[in-house]
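> Requesting a structural model of the entry that follows:
(one chain, ligands or ions: 1)
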Amino acid sequence: MTEALPRPHKLSGLVPAVTFLRTTNLVKSFGSKKVLNGVNLAIAECGTTAIVGPSGSGKTTLLRLIAGFENPDSGSVELNGQAVAGAAWVPAHKREIGYVAQDGALFPHLSVAQNIAFGLDREWGTRGRVATAKRVAELLDMVSLEASMGARRPHEISGGQQQRVALARALARKPKLMLLDEPFSALDAGLRVATRKAVADVLHEAAVTTILVTHDQGEALSFADQVAVMRGGTLAQTGSPFSVYTRPADRDTAEFLGDAV
Ligand code: ADP
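A predicted model of the protein is given here:
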């Protein structure tokens, strides 16, 4: 059962939720393997959705299709009412999307500041070094990292700090949608909770619509206002965290949620 979309956290309760992202009957195969089998997902503007589900159920593939890294075999993706895949094709770099991968995927040979500057638009190249340095400092501040961190290489900072740098890089172009693919899973438990909270605060403050892929049910509960349960390439259930966890749509979903808690 699909419930009403969650209310955007930046808007008052009197304003109806605006759908920011919609996927319709999204299908994707790799060779003979059908990985997505008709995914219908709607996400409210400024909402935070967690996609949970067993390994291999298609979560990352769904994110990659939304990002524009892959083309669907059929179905459509709409961002802000505009078709970006299906009826039309808008390439990844024009979708105003930020993407943070599991390991942050920082460039090891570049400093933290250079990694963040890499995320800036080409336009920034023409503004000169002072303007770029100022913007990088702003982004470091946004993710609560000291300016002096900018000179370090990724291997000289902690895993949690690396993920904050990855977030700063992804925020550089002021994306309207942030896709987070298990961004905290490589961190140890204490760091995971602190980093998750910091990231949630930054995204909330910036009012960025967010999708988080996670296999950690606690993370989904604490991070998201909508949970989508994926199984075998389709969405088995979508709803508020409370409704999904208290009223799972079927036995498989109940077992999956129960196992993982
Ligand atoms: P999840 O994120 O839920 O673990 P994925 O979307 O990563 O699931 O993968 C779903 C299935 O698709 C897996 O069986 C995976 O091996 C397969 N798959 C994903 N990407 C590719 C690819 N580029 N080529 C071939 N198979 C792929």
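> ok, what's across the strand from the spatially most central residue of the chain?
Centroid-nearest residue in the chain: Leu179, 1.9 Å away (criterion: CA atoms, centre = their mean). In this entry, Leu179 is beta-bridged to Tyr99, Ile211, by DSSP bridges.
> residues contacting it?
Leu179 is in contact with Leu63, Ile66, Ala67, Ile97, Gly98, Tyr99, Val100, Thr210, Ile211, Val213, counting by CB atoms under 8 Å, 6 or more residues apart in numbering. The way it works is simple: take the backbone N, C-alpha and C, and place the C-beta from them, glycine included.
> Also Val39?
Taking CB under 8 Å, 6+ apart as the test, what Val39 contacts is Thr23, Asn25, Leu26, Gly58, Leu62, Gly75, Met230, Gly233, Thr234, Leu235.
> The third one: neighbour count?
The burial metric for Leu26, expressed as a neighbour count using other CB atoms under 10 Å, is 27.
> and what of the second one?
Close neighbours of Asn25, defined as other CB under 10 Å, add up to 14.
> Tell me who's in contact with it.
By CB under 8 Å, 6+ apart, the neighbours of Asn25 are Gly38, Val39, Asn40, Ser74, Gly75, Ser76.
> Closest one to Ala170 out of those, please.
The nearest member of these to Ala170, counting by CB to CB, is Val39 at 23.1 Å.
> so which strand or helix has the closest one?
strand 33-44 (DSSP states H and E).
> Each with direction, which strands does that strand pair with?
Counting by DSSP bridges, strand 33-44 is paired with strand 19-30 (antiparallel).
> in this protein, which segments are predicted with low confidence?
1-16, 121-127, 259-261 (pLDDT under 70).
> The ligand contacts on that one?
Proximity of the chain to the ligand, by CB under 6 Å from any ligand atom, involves residues Phe30, Val35, Gly53, Ser55, Gly56, Ser57, Gly58, Lys59, Thr60, Thr61.
> List the residues that contact the last one.
By CB under 8 Å, 6+ apart, the contact list for Thr61 reads Lys28, Val35, Leu36, Glu70.
> Dump the contacts of Asn25 to a markdown table, plus distance to Pro91.
Listed next are the contacts of Asn25 as a markdown table, based on distance: CB to CB, whole Å:
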| residue | distance to Pro91 |
| --- | --- |
| Gly38 | 24 |
| Val39 | 21 |
| Asn40 | 24 |
| Ser74 | 19 |
| Gly75 | 18 |
| Ser76 | 16 |
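> Name only those of those that count as buried.
Val39, Gly75, Ser76 (16 or more other CB atoms under 10 Å).
> Show me which of those residues is closest to Met142.
Distances from Met142 to the buried ones among the contacts of Asn25, taken by CB to CB, are shortest for Val39, at 31.9 Å.
> quick one: buried residues of the top helix by length along the chain?
The longest helix of the chain (DSSP state H) is helix 189-206. By neighbour count on 16+ other CB under 10 Å, the buried set for helix 189-206 is Leu191, Arg192, Val193, Thr195, Arg196, Ala198, Val199, Ala200, Val202, Leu203, Ala206.
> okay, those residues in CSV with distance to Ser185 next?
Shown next, in CSV, are these (distance: CB to CB, whole Å):
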residue, distance to Ser185
Leu191, 11
Arg192, 8
Val193, 13
Thr195, 11
Arg196, 11
Ala198, 16
Val199, 13
Ala200, 16
Val202, 19
Leu203, 18
Ala206, 23
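> what about the helices in the chain?
Under DSSP H, the chain gives helices at 59-67, 112-118, 129-142, 159-171, 189-206, 217-223, 241-246, 251-260.
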